[in-house]
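Undergrad: Model the structure of this input:
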Amino acid sequence: MTIREKMQQGLPYTDLGEGLEEEREACKELLYDYNLTRPKETEQRTMLLQKMLGQVGKDPWIEMPLHMAYGKNTFIGDNFYANFNLVVVDDEKVYIGSRVMIAPNVTITTTGHPVHPQKRGDGTQFSFSVHIEDDVWIGSNTVILPGVTIGEGSVIGAGSVVTKSIPPNVVAVGAPCRVLRPIEERDKIFYWKDKKFPLE
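TA: As a prediction, this is how the structure comes out:
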């Protein structure tokens, strides 16, 4: 079985050989150019994202710096926004829907290592894909771990560690991240704590 087959099937592997090092280096070259663009060079950044990622929807906006492992294993929908210092460890596929917003200092990782030191001493790792569905908002300093799906419309509170999948249309927070409450009609009236939206 090839390394790539092991990666795709969630089996233990080491990421050396089969051209994997070259793919990661190619991604880093594109990231270097991306992270050094000037603020007004929006077209250049979009072009670099199109070269780097597996798929880019319309009107992406990712603040610099951006860090990725492969780039080509990440697929984003339309109107995606990510704030400063997004880290995506995309050894396996990362699927991000449309109108997703990501706050600063978020890590999305498809990859982990065995717990026992003798089983990870040579760099052995495993990977499981991550799915972030449409209209999700992820708060600052959140970590999303391998195999997680975040359901459509949900909000992940700042500082969360998402170890398990989160259903649609809920507010979830904590380490480990747990559902706090559903998103309700009240959320159309109040934008933050007891602060109401202005009357239209």
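Undergrad: Quick check: E63 touching F80?
TA: No. Using C-beta atoms under 8 Å, E63 makes no contact with F80, being 11.7 Å away. No exception for glycine: its C-beta is placed from N, CA and C like everyone else's.
Undergrad: Among those two, which residue is more densely surrounded?
TA: Comparing E63 with F80 by other C-beta atoms under 10 Å, the one with more neighbours is F80, at 22 against 16.
Undergrad: Can you tell me how far that one is from I96?
TA: 6 Å (C-beta to C-beta, to the nearest Å).
Undergrad: how far away is the spatially most central residue of the chain from T42?
TA: For the chain, I108 is the residue whose C-alpha lies nearest the centre (C-alpha atoms, centre = their mean; 3.9 Å). Distance, I108 to T42, by C-beta to C-beta: 23 Å.
Undergrad: what does D59 give?
TA: The value you get for D59 to T42, if C-beta to C-beta is used, is 10 Å.
Undergrad: now do M1
TA: M1 sits 43 Å away from T42, going by C-beta to C-beta.
Undergrad: Looking at the protein, which helix is longest?
TA: Looking across the chain with DSSP state H, the single longest helix is helix 20-35.
Undergrad: Just the buried residues of that helix, please?
TA: Neighbour-count burial for helix 20-35, counted by 16 or more other C-beta atoms under 10 Å, picks out L20, E23, R24, A26, C27, L30, L31, Y34.
Undergrad: which of M1 and T42 has more neighbours?
TA: In terms of neighbours (other C-beta under 10 Å), T42 is the more surrounded of M1 and T42; the figures are 13 against 8.
Undergrad: any low-confidence regions in this structure?
TA: The model of the chain has no residue with pLDDT under 70.
Undergrad: What ranges does it have for its helices?
TA: 3-8, 20-35, 42-52, 117-120.
Undergrad: Between the ones you listed, which one is closest to V130.
TA: helix 3-8 (13.9 Å; C-beta to C-beta).
Undergrad: Would you mind extracting the C-alpha trace of that closest one into CSV?
TA: The C-alpha trace of helix 3-8 is given here as CSV (Å, rounded to 0.1, in the frame of the first residue of the first chain):
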residue,chain,number,x,y,z
ILE,A,3,1.8,6.3,1.6
ARG,A,4,-1.0,8.2,-0.2
GLU,A,5,-3.4,5.3,0.2
LYS,A,6,-2.6,5.1,3.9
MET,A,7,-3.2,8.8,4.2
GLN,A,8,-6.6,8.6,2.5
